[in-house]
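*Asks:* test case, fold it:
(one chain, ligands or ions: 1)
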Amino acid sequence: MILFLFLSLFIVAQDNPYNNELTQPLTTNGLTTHFPKNFVQSRARFRSYAGAFKSLNIPAESLSRPVPTSISNDLTIDALFIKGVNPHKLLIISAGIHGPENFAGSALMDLYVQNMLKTKSRPHVDILLIHSLNPYGFKYFRRTNPYNIDLNRNHADKQEFQSTNPSFESVKSIYEPTYPATTGFVSKVGFYFAIMSKYIFKGKKTILNSLSGQYKYEKNIFYGGKEPQLESLIAQKMIESSIENKTAILHIDLHTGFGENGKLHFYGSDEFTSDAQATTLKSIFPEITIDTGKDKDFYPTSGDFVDWTWKNHPQITAIPMVFEFGTSNSQTISGGLSSLWTSILENQGHHYGYASKADEKIVRNRYESLFNPQRSEWQQAVVDQGFKALNNATERFSVL
Ligand SMILES: [Zn+2]
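*Replies:* Numbering: from 1, shown residues only. Predicted coordinates:
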């Protein structure tokens, strides 16, 4: 017991989600200008792409689908379909299924599109860009949709919607304290003490697997819902209407938060049923390490979007890929638990309020640092690494 307390105190001392940097307003210098200020500005910029392609005689169609909620009737999911030379291949780039991660996703998409426009030539393959898979979450800075549903657990099948996650069951009460959120010392030690006990007795994999998703507890974190949400159905339909005559699909979904700070992680599937997928994956991403849910520092997700794409189109060689930009060193124990605590606090504050204004401010800052860091070096790293990786993947996919 005493040992746990010391261990918890030791980890508490490491809890520093800001990396010694204060949260600053959005920077607007250098390449970081691609980072949008908000949902509305980002969407307006995205909507302007179709006209820009058309003025270069490159066929492009835009789509906009409303996602009405009780708080706002101006939320939409927007897509752009650019017709390439080869009609048999489709590259999908999507972003923002977790709302606050769309700042980086939109920045990268903008750089990618601006570069395409600069070359003035038609792309080799058809390209479908989806701007904001979770417009509510982007606008109101939440990972979930208005119903607390994590949309990247919501592209599930019937069986998954009815499933139980045993790892989650063992930690669910730590993940959803039912009183106002507070970041004080006692609350912090309490969280670390509880989670370290689970970590030691149940193992790291239990904690990691608890992040996979759960379909039972509506106010808890990583809740995937009871049925497909409108946002998921719209996104799926956008893909369905773009796959006629396709023999190959590469679907890249953009995320932030998990992994080493400032590093781009490639997160693939470990469930491939065909050799063609494994071979194609290797040809598109030959020199990088692809993490899967089986790896020691990662976790499998159920009901995620890129897996929906390949699982529902077995007649097409479809490759799922998540680009995840690390922010929090979650591969370390202290970084992982610190980001978990941030997610718990934000969810707790949303449902049960905050103990004080100061607590709310601290939690909001932690949440921002976790999914949309304001440090210009981080933003620069996202743009640099993401742009290179997207271009390499596009080129290799085109010549396959
Ligand atoms: Zn994400």
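*Asks:* spatially central, which residue of the chain would that be?
*Replies:* Nearest to the mean C-alpha position of the chain, by CA atoms, centre = their mean, lies H255 at 3.2 Å.
*Asks:* what sits against that residue?
*Replies:* Shown in contact with H255 (CB atoms under 8 Å, 6 or more residues apart in numbering): I97, H98, E101, G105, Y267, V322, F323, E324, F325. From N, CA and C alone the C-beta is placed, and that goes for glycine too.
*Asks:* dump the residue contacts of the second one.
*Replies:* By that I understand H98. So H98 contacts N134, G137, R143, T144, D150, L151, N152, H255, G257, F371 (CB under 8 Å, 6+ apart).
*Asks:* in strands, which of those residues fall?
*Replies:* Among those, the residues falling in strands (DSSP state E) are H255, G257.
*Asks:* columns pLDDT on top of the contacts of H98, output as a markdown table?
*Replies:* Shown next, in a markdown table, are the contacts of H98 (pLDDT from 0 to 100):
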| residue | pLDDT |
| --- | --- |
| N134 | 98 |
| G137 | 97 |
| R143 | 97 |
| T144 | 98 |
| D150 | 97 |
| L151 | 98 |
| N152 | 96 |
| H255 | 97 |
| G257 | 94 |
| F371 | 97 |
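*Asks:* just the element for the residue lying closest to S328 once chain neighbours are set aside, please.
*Replies:* Once flanking residues are discounted, S328 sits nearest to S339: 4.3 Å by CB to CB, 6 or more residues apart in numbering. Take DSSP states H and E as the rule and S339 turns out to sit in helix 333-352.
*Asks:* other SSEs contacting that helix?
*Replies:* Packing partners of helix 333-352 (3 or more CB pairs under 8 Å, 6 or more residues apart in numbering; DSSP states H and E): helix 2-14, helix 172-175, helix 185-202, helix 357-371.
*Asks:* and the angle for that helix with helix 357-371?
*Replies:* Interaxial angle of helix 333-352 relative to helix 357-371 (axes from the mean of the first three to the mean of the last three CA atoms, to 10 degrees): 130 degrees.
*Asks:* from the contacts of H98, which are also near the ion?
*Replies:* H255 (CB under 5 Å from the ion).
*Asks:* now for the helix ranked longest in the chain, which elements pack on it?
*Replies:* Secondary structure of the chain per DSSP state H: the longest helix is helix 376-399. Using 3+ CB pairs under 8 Å, 6+ apart as the contact criterion, the elements in contact with helix 376-399 are strand 86-95, helix 102-119, strand 125-130, strand 248-257, strand 264-267, helix 275-284, strand 317-326.
*Asks:* at 7 Å instead, please
*Replies:* When contacts are defined as 3 or more CB pairs under 7 Å, 6 or more residues apart in numbering; DSSP states H and E, helix 376-399 packs onto strand 86-95, helix 102-119, strand 248-257, strand 264-267, helix 275-284, strand 317-326.
*Asks:* helices or strands up against the longest one?
*Replies:* In this case it means helix 102-119. helix 39-54, strand 86-95, strand 248-257, helix 376-399.
*Asks:* pLDDT-wise, what's the bottom of the contacts of H255?
*Replies:* Checking pLDDT across those, the minimum falls on Y267 at 89.
*Asks:* isn't it right up against E324?
*Replies:* Yes: using CB atoms under 7 Å, Y267 is in contact with E324, at 5.2 Å.
*Asks:* please name the residues that touch V85.
*Replies:* R122, H124 (CB atoms under 7 Å, 6 or more residues apart in numbering).
*Asks:* how much space between it and N57?
*Replies:* Distance, V85 to N57, by CB to CB, to the nearest Å: 13 Å.
*Asks:* and if you look at R396?
*Replies:* 26 Å.
*Asks:* these two: which is more packed in?
*Replies:* R396 (15 against 8; other CB atoms under 10 Å).
*Asks:* what's the closest non-adjacent residue to that one?
*Replies:* Per CB to CB, 6+ apart, closest to R396 is I284, 4.7 Å.
*Asks:* around the ion, pick out the residues from the chain.
*Replies:* Close to the ion, as judged by CB under 5 Å from the ion, the chain has residues H98, E101, H255.
*Asks:* so what's the residue count around the nearest residue to the second one once chain neighbours are set aside?
*Replies:* Pointing back at E101 there. Leaving aside its chain neighbours, E101 sits nearest to T256 (4.4 Å; criterion: CB to CB, 6+ apart). Residues lying near T256 (other CB under 10 Å) number 25.
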